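Q: sequence unknown, structure follows:
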Ligand code: GUN
């Protein structure tokens with residue numbers, strides 16, 4: 001079994017981006033500027049946004065964080081989005097999800113200028129990704145593709161099973177894994193909460209991508225001997241022994257499953273750390289106008 005080490009790979013990618021930014025700025029290019037909108041006080045969202053902002057500082061980007069109370073109206077939030085659309089100094093921005101229930105995430109995502117949509121959530125970026133056209137790829141799919149690529153994992157002709165059909169992970173991942181490119185060319189099965197015989201389907205997976213948000217759901221009975229297992233789950237579980245009061249759990253029971261795999265991502269220290277790299281990569285592309 002080999003560990004797909006998100007800590008090491010993400011550090012490597014950040015170092016590459018930092019060097020790229022230095023060269024770009026030395027040649028007179030504009031310093032990349034990422035903005036983030038955070039609505040409400042959700043603990044996990046605050047942690048994610050703070051680490052995105054911290055990463056910007058580490059690699060030489062400018063960053064701006066706009067915080068709003070959870071009772072902001074949809075109209076006010078759309079005005080904030082529009083002000084970032086119009087701000088020429090901001091190259092790319094994100095609206096951290098989830099949003100409060102009275103706000104339509106789809107409406108907000110569609111309001112973001114697709115040329116600044118470094119999360120890759122706008123329908124134009126999703127549609128272009130489906131067609132294999134240059135587009136901003138969303139953070140988690142980016143992170144998974146990078147891990148597969150950097151470990152040189154053979155994907156052509158393999159059976160890839162994705163558990164979860166979310167707009168952010170499961171759906172784009174299934175599209176990317178079947179495309180005619182590396183890492184892709186898989187035969188893909190996308191499964192979800194209504195799937196019959198989930199265990200039997202997973203047992204036939206050469207590559208199993210798990211993104212359903214149920215801590216330690218995947219046990220060895222779901223895994224074919226020698227499979228590649230990618231765990232996208234990040235759930236906070238109460239744990240009195242931790243200073244924070246919680247532990248982070250993946251969707252895979254790592255201890256039991258790992259000995260049966262060829263490659264596996266740990267949680268924490270796996271896919272989660274890679275996602276920020278996707279966002280930073282997209283922001284640099286936005287600054288350089290590489291896609292649009
Ligand atoms: N919430 C969970 N993942 C993400 C992400 O990649 N981007 C944003 N904006 N919100 C998220």
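A: Received the coordinates, thanks. From a predicted model like this one, the values you see are computed outputs, not experimental measurements.

Q: How about the contacts made by the residue of the stretch 1-150 of the chain found nearest the ligand?
A: Minimum separation of the stretch 1-150 of the chain from the ligand (C-beta to the nearest ligand atom) falls at residue 97, amounting to 3.7 Å. Where you see a C-beta, it was placed from the backbone N, CA and C, and this is true even at glycine. Taking C-beta atoms under 8 Å, 6 or more residues apart in numbering as the contact definition, residue 97 lies against 45, 105, 168.

Q: Can you check the pLDDT for it?
A: Residue 97 carries a pLDDT value of 96.

Q: Residue 260 versus that one, what's the distance?
A: Residue 97 sits 33 Å away from residue 260, taking C-beta to C-beta, to the nearest Å as the criterion.

Q: for residue 160, same thing?
A: For residue 160, the distance to residue 260 equals 17 Å [C-beta to C-beta].

Q: which residues in the stretch 1-150 of the chain form helices?
A: 6-26, 43-59, 74-86, 105-111, 123-130, 139-150 (DSSP state H, counting those that start in this stretch).

Q: how far away is the residue positioned nearest the centre of the chain from residue 239?
A: For the chain, the residue whose C-alpha lies nearest the mean C-alpha position (C-alpha atoms, centre = their mean) is residue 140; its distance is 1.9 Å. Per C-beta to C-beta, residue 140 is found 24 Å from residue 239.

Q: and if you look at residue 53?
A: From residue 53 over to residue 239 the distance is 26 Å, taken as C-beta to C-beta.

Q: and the chain, which residues reach the ligand?
A: Taking C-beta under 6 Å from any ligand atom as the contact definition, the chain meets the ligand at 94-97, 119, 139, 168, 275.

Q: As a check, name the ranges of all helices in the stretch 151-292 of the chain.
A: Per DSSP H, counting those that start in this stretch, the stretch 151-292 of the chain carries helices over the ranges 170-178, 198-203, 254-257, 271-288.

Q: In TSV: those helices, plus mean neighbour count and mean pLDDT.
A: As requested, these are exported to TSV (neighbours: other C-beta atoms under 10 Å; pLDDT from 0 to 100):
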stretch	mean neighbour count	mean pLDDT
helix 170-178	22	98
helix 198-203	16	98
helix 254-257	16	98
helix 271-288	24	97
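
Q: right, and those - which one's nearest residue 75?
A: helix 271-288 (26.3 Å; C-beta to C-beta).

Q: Please compute how far the closest one lies from its chain's middle.
A: How far helix 271-288 lies from its chain's middle: 9 Å, per C-alpha atoms, centre = their mean, to the nearest Å.

Q: Also stretch 105-122?
A: Remark: stretch 105-122 is offset 15 Å from the chain centroid, using C-alpha atoms, centre = their mean.

Q: Domain-wise, how is the protein divided?
A: 29-113, 139-273 (automatic domain parsing).

Q: For residue 132, the count of nearby residues, please.
A: For residue 132, the count of nearby residues is 13 (other C-beta atoms under 10 Å).

Q: same check, this time on residue 95
A: Around residue 95 there are 24 other residues, counting by other C-beta under 10 Å.

Q: Test my guess that it contacts residue 106.
A: No - using C-beta atoms under 8 Å, residue 95 is not in contact with residue 106, being 11.6 Å away.

Q: if we can go back for a sec, could you check which of residue 53 and residue 239 has the larger neighbour count?
A: The residue with more neighbours, out of residue 53 and residue 239, is residue 53; 17 against 13, by other C-beta under 10 Å.
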